[in-house]
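# Let's see this in three dimensions:
(one chain, ligands or ions: 1)
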Amino acid sequence: MSKTPTLETLQRLADVVGEKGVIRGAVDQAPYLKEWRGIWTGTTPLILRPQTVEDVSRILAIAHETETTIVPQSGNTGLVGGQIPNDGEVLLSLDRMTRIITVDPIDFTITAEAGATLTSIQDAAEAVDRLFPLSLASEGTCRIGGNLSTNAGGVNVLAYGNARDLCLGLEVVLADGRILNMLKTLRKDNTGYDLKNLFIGAEGTLGIITKATLKLFPRPRRYDTVFAAVPTLEAALCFLAQSKQASGNRVIAFELLPELGIQFTVKHMNTRRALETVSPWYVLLEMADSTEAATETILETALEQSFIIDAVVAQNDAQRRELWALRENMSESQKYEGGSIKHDVAVPVSELPRFIAEASVALENFMPGTRLCCFGHMGDGNMHFNVSQPLGMDKQMYLDQWHKMNRVIHDIVVKHKGSFSAEHGIGVLKREDMARYKSETELDVMRSMKKTLDPKNILNPGRVLP
Ligand SMILES: Cc1cc2nc3c(=O)[nH]c(=O)nc-3n(C[C@H](O)[C@H](O)[C@H](O)COP(=O)(O)OP(=O)(O)OC[C@H]3O[C@@H](n4cnc5c(N)ncnc54)[C@H](O)[C@@H]3O)c2cc1C
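You can find the predicted model right below:
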């Protein structure tokens, strides 16, 4: 249970940001207290919206002194409940710290405040003819502080890496209010422990990220986007390997889509099928700066070898967006099919067919009649193994099975040397999995880091660590 802050403490915190930086009323607070899927709804005595790193520093110094618990929030698109004040904590929103500070096309870097939306960073890079490649379906709303705190992945990880790989420097406010400035643009810097990496993926439990310096890349001049029907998962993997090799490593996205997911998306999200051919699986392949001839050769060979059975190539930007809409709307389309129990898992790429086969059988044994919508980032081994409820079942009764079903699937993931949380993090949702699957030594080291950096346990208590 969080300690309830006194009225005096709340006033001291509010004074840091002034009345314009505070949200007290229930109606105005509501959008910050409910997450995207409606699974968690929180309460808070106060929402603070600082404008500078000094504000954040003063807030945390007071919180540390008074043992007031704080939940940091950026875009509120997190899927594991970490950004919602579930226990009456004070909420600190980064949504007024949105400045792009510098964009350097020679260094290929961009520096921004933590509250800059992912789209605004992509746009600022594009304005100087550069690419910031992190790309998620939530990119219009999520913010870079949240992306780094969750070490977000998305659709381009196989070519550019995840948020951690894209970060050169950070500014972080520690739990006691000290500012740790690690805002470097260096590509090489072997000077002691790499502290910034501690805060990336820490989900706000070790410090609050206030600024970040990120890597940019040359902006591709041409995209080849292919939607292909594949007969089996094994064939899809052969198609991936062949495309990577034959394109000279230009594959930037390789997403798996199941027939059921296409049906959901077409039915609920105002999209249309890309192919008339019906197959159990499809892939969305994208290559950057390949050539038309190379793409043709790749598809001809894939057809000859039966890696694919049909395919369409986007002829212009509008068609490219249409193909991507089938993928990007897949998460949301499941909302309209009743309860959906999620698993954000990764296994080695070559294990995917065996994992999916084994987990599908276990799922049917666990609860007959569920509808599996397993889709996602096949190119890096990360599947959203999402399971819609059996038709006609009561939604709440189904969702009550969440943890039990997770256990069945996560045991299989771990057997295949995988991860029970590939890109969404732990938050409050997967703390029990940490206890089950992480070794005591790993947990000990994590707990000692937490104790060193946040000895009073005021930052996102009850998240990540069991
Ligand atoms: C439709 C949809 C699609 C998605 N697709 C993907 C995907 O493909 N890949 C993927 O990885 N994720 C995906 N997500 C999940 C989510 O968008 C990411 O986790 C994102 O990185 C969260 O960013 P945010 O700004 O919304 O963070 P929030 O939700 O605000 O916070 C997430 C966590 O980080 C902490 N935090 C936030 N800001 C800070 C800060 N400045 N300092 C310290 N801690 C902080 C919070 O306390 C919380 O624990 C998707 C979500 C949705 C709704």
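
# which intervals of the chain have sub-threshold pLDDT?
Along the chain, the model assigns pLDDT under 70 to residues 1-2.

# The ligand contacts on that one?
The interface of the chain toward the ligand, taken as CB under 6 Å from any ligand atom, is made up of 36, 71-79, 82-83, 94, 114, 136-138, 142-143, 145-147, 149-150, 152-154, 203-204, 208-209, 331, 423-424, 427, 460, 463. From N, CA and C alone the C-beta is placed, and that goes for glycine too.

# In strands, which of the residues you listed fall?
Where these overlap with strands, as defined by DSSP state E, the overlap consists of Val71, Pro72, Gln73, Ile208, Ile209.

# Return the nearest residue of the stretch 151-300 of the chain with respect to the ligand.
For the stretch 151-300 of the chain, the nearest residue to the ligand under the criterion CB to the nearest ligand atom is Gly204, separated by 2.8 Å.

# residues contacting the residue in the stretch 351-466 of the chain positioned nearest to the ligand?
Closest approach between the stretch 351-466 of the chain and the ligand, counting by CB to the nearest ligand atom: Glu423, at 3.5 Å. Taking CB atoms under 8 Å, 6 or more residues apart in numbering, we find Glu423 in contact with Thr150, Asn151, Ala152, Gly153, Gly154, Asn162, Asp344, Ala346, His377, Asn382.

# now the fourth one: how far from Ile39?
Remark: distance between Gly153 and Ile39 (CB to CB, to the nearest Å) = 20 Å.

# same deal with the first one?
Taking CB to CB as the measure, Thr150 and Ile39 are separated by 16 Å.

# Which of these two has more residues huddled nearby?
Summary of the neighbour comparison: Thr150 and Ile39, criterion other CB atoms under 10 Å, with Thr150 having more neighbours (29 against 16).

# I'd say the more buried one and His424 touch.
Yes. Under the criterion of CB atoms under 8 Å, Thr150 lies in contact with His424, with a separation of 6.7 Å.

# any common contacting residues for the two?
Both Thr150 and His424 are in contact with Gly78, where contact means CB under 8 Å, 6+ apart.

# sec struct for Val56, please.
Each residue gets one of three states, and Val56 gets helix by DSSP: H, G, I helix; E, B strand; the rest coil.

# what about it, neighbour count?
Other residues within reach of Val56 by the criterion other CB under 10 Å amount to 29.

# ok, now which ones touch Gln389?
Contacts for Gln389 were tallied using CB under 8 Å, 6+ apart; they are Glu337, Gly338, Gly339, Ser340, Thr370, Arg371, Lys395, Tyr398, Leu399.

# Give me the subset of those lying in strands.
When strands are assigned by DSSP E, the members of the contacts of Gln389 inside them are Ser340, Arg371.

# Of the contacts of Gln389, grab the buried ones for PyMOL.
Selecting only the buried members of the contacts of Gln389 in PyMOL, with burial defined as 16 or more other CB atoms under 10 Å, works like this:
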select buried, resi 337+338+339+340+370+371+398
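
# and the contacts of Gln389 as CSV, adding distance to Tyr223?
Conversion of these to CSV gives the following (distance: CB to CB, whole Å):
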residue, distance to Tyr223
Glu337, 31
Gly338, 36
Gly339, 36
Ser340, 31
Thr370, 36
Arg371, 32
Lys395, 39
Tyr398, 39
Leu399, 39
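
# Please identify which pair of the contacts of Gln389 lies farthest apart.
In those, two members sit farther apart than any others by CB to CB. They are Arg371 and Leu399, at 14.5 Å.

# give the contact list for Gly427.
Residues touching Gly427, when contacts are defined by CB under 8 Å, 6+ apart, comprise Gly78, Leu79, Val80, Gly81, Gly82, Gln83, Glu203, Arg463, Val464.

# which residues sit against stretch 457-466?
Contacts of stretch 457-466 from elsewhere in the structure, counted by CB under 8 Å, 6+ apart, are 2, 60, 63-64, 67-72, 82, 86-87, 89, 175, 202-208, 425-428, 431-432, 434-435, 443, 446-447, 450.

# How far does that stretch stretch from one end to the other?
Distance across stretch 457-466, first residue to last, is 13 Å (CA to CA, to the nearest Å).

# So for it, what gets flagged as buried?
Judged by neighbour count (16+ other CB under 10 Å), stretch 457-466 contains these buried residues: Asn457, Ile458, Leu459, Asn460, Pro461, Gly462, Arg463, Val464, Leu465.

# Distance from the chain centre to that stretch, please.
On the basis of CA atoms, centre = their mean, to the nearest Å, stretch 457-466 sits 19 Å off its chain's mean C-alpha point.

# cool, and stretch 446-461?
Taking the mean C-alpha point of stretch 446-461 and that of its whole chain, the gap between them comes to 23 Å (CA atoms, centre = their mean).

# Work out which residue lies at the spatial centre of this structure.
With distances taken as CA atoms, centre = their mean, the chain has Ala152 as the residue nearest its mean C-alpha position (3.9 Å).

# who's in contact with that one?
Under the criterion of CB under 8 Å, 6+ apart, the contact list for Ala152 reads Leu134, Leu136, Cys142, Gly146, Asn162, Ala163, Glu423.

# what's the neighbour count on Leu429?
23.

# err, Val408, not the other one
Using other CB under 10 Å, Val408 is surrounded by 16 other residues.

# contact partners of the helix or strand hosting it?
Under the criterion of DSSP states H and E, Val408 resides in helix 402-415. Outside of helix 402-415, the residues within contact range by CB under 8 Å, 6+ apart are 341, 343, 345-347, 355, 358-359, 362-363, 366-367, 385, 387, 419-420, 430, 432-433, 436-437.

# Out of those, which sit inside strands?
When DSSP E defines the strands, the subset of the contacts of helix 402-415 inside them is Ile341, Val345, Ala346, Phe385, Val387.

# what's the closest of those residues to Lys184?
Nearest to Lys184 among these: Ala346, at 29.6 Å, using CB to CB.

# Tell me the bridge partners for that closest one.
With DSSP bridges as the criterion, Ala346 is bridged to Asn382, Ser419.

# Contacts only, for it.
With contact taken as CB under 8 Å, 6+ apart, Ala346 is in contact with Asp380, Gly381, Asn382, Met383, Val413, Gly418, Ser419, Ala422, Glu423.
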